[in-house]
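# model the structure of this input:
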Amino acid sequence: MDDDQEARESIRSIIEYSPYMDLAIWEEETADKGLERIKEMHPSFLITELTLPDMDGLKFGKKAKEIDPSLPVVVVSHLQIFKTVQTCMNAGFSAYLLKPIASGELLQILERLHTERLFHNSLPFLDTNKETTPAKLETDLGNPILAAMDYIRINYQKPIHLKEVANLVYLSPSHFSRLFKEVTEITFVEFLTNYRLEKSKQLLKITSIPIETIANLTGFTSAAYFATSFKRKEGQSPSEYRHMCTFSMTDS
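Model (predicted):
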């Protein structure tokens, strides 16, 4: 959004010669047309000048976020005024760039916003709408191991200890450990780790979220432990697995 054609062309050129070259780019000069475009196309990002011919850019950005509260708004302006920058940030905008826009700064912001959007879109795979505290276990005393497995599926993102789960199914840790292996043919820790690794593989396939973040989101105590566990199970590192999946999708 900018009535300055030269400024629009500059931004378009940066994006078209970047990793985001496949993104569709829509340009408008007036706020009214811009709001209609947002309603129609639901863009991934909005880049807007603060000074528009028919509406204040700050007001325009707020109206855009009323249409789509999750829409990241990046403000571009010649104005280097702290109060203006603060007002934009308080309005929930994502970034403030000074003209003339430096390619590296814009791309760095797009990378951050792209990662955040991918993360937001991956929430259904992460089950992050679950409670922040471990969910309660519906204990079935006739099937304590099945109940324990359900508990892992619900709470895998959080710290889980064998003794904790054993207590929930009213078994001693030693008896629970033996019974779990009899039923599943693997240890409690192996089952938990394998489940977390399967969840991590989904995220490696469908997002560009940093590997360290994926490790944290799937319950691993560190990125190093995650990488070691992943390579032991899959025979390749998380980065190699992601590259393989990306290459397979491109090839197909």
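
# roughly how far apart are residue 165 and residue 105?
48 Å (C-beta to C-beta, to the nearest Å). In short, each C-beta sits where N, CA and C put it, glycine included.

# so between those two, which is more surrounded?
residue 165 (25 against 13; other C-beta atoms under 10 Å).

# I'd say that one and residue 188 touch.
Yes - applying C-beta atoms under 8 Å, one finds residue 165 in contact with residue 188, separated by 7.3 Å.

# who touches both of the two?
Residues touching both residue 165 and residue 188 by C-beta atoms under 8 Å, 6 or more residues apart in numbering: 148, 176.

# how about low-confidence regions in this protein?
For the chain, applying pLDDT under 70 flags the ranges 82, 118-141, 206-208, 246-252.

# what are the ranges of the helices in it?
With DSSP state H applied, the chain shows helices at 5-16, 31-41, 57-67, 82-90, 103-121, 123-126, 144-155, 162-168, 173-184, 188-206, 211-217, 223-234, 238-251, listed in chain order.

# dump those to CSV, plus distance to residue 97.
Listed next are the helices of the chain as CSV, based on distance: least, C-beta to C-beta, whole Å:
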stretch, distance to residue 97
helix 5-16, 10
helix 31-41, 18
helix 57-67, 13
helix 82-90, 10
helix 103-121, 6
helix 123-126, 28
helix 144-155, 41
helix 162-168, 48
helix 173-184, 54
helix 188-206, 29
helix 211-217, 25
helix 223-234, 31
helix 238-251, 30
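
# go through stretch 155-165 and flag the buried ones.
Of the residues in stretch 155-165, 155-157, 160, 162, 165 count as buried by neighbour count, 16 or more other C-beta atoms under 10 Å.

# span of that stretch from start to end?
For stretch 155-165, the separation between the terminal residues is 11 Å (C-alpha to C-alpha, to the nearest Å).

# swap in stretch 156-166?
As for stretch 156-166, its first-to-last residue distance stands at 16 Å under the measure C-alpha to C-alpha.

# so what's residue 149 up against?
Here residue 149 is in contact with 184, 191 (C-beta under 8 Å, 6+ apart).

# distance of it relative to residue 195?
Counting by C-beta to C-beta, the gap from residue 149 to residue 195 is 9 Å.

# swap in residue 218?
Counting by C-beta to C-beta, the separation of residue 218 from residue 195 is 9 Å.

# farthest-apart pair in the buried residues of stretch 155-165, please.
The most widely separated members of those are 157 and 162, with 17.4 Å between them, by C-beta to C-beta.

# break the protein down into its domains, please.
In the assignment given by automatic domain parsing, the structural domains of the chain cover 5-121, 144-251.

# most distant residue from the centre of this protein?
Here the chain has its C-alpha centre computed as a mean, and the residue farthest from that point, by C-alpha atoms, centre = their mean, is residue 175 with 39.7 Å.

# identify the residue spatially nearest to that residue, adjacent ones excluded.
Nearest in space to residue 175, with sequence neighbours left out and distances taken as C-beta to C-beta, 6 or more residues apart in numbering, is residue 166 at 7.8 Å.
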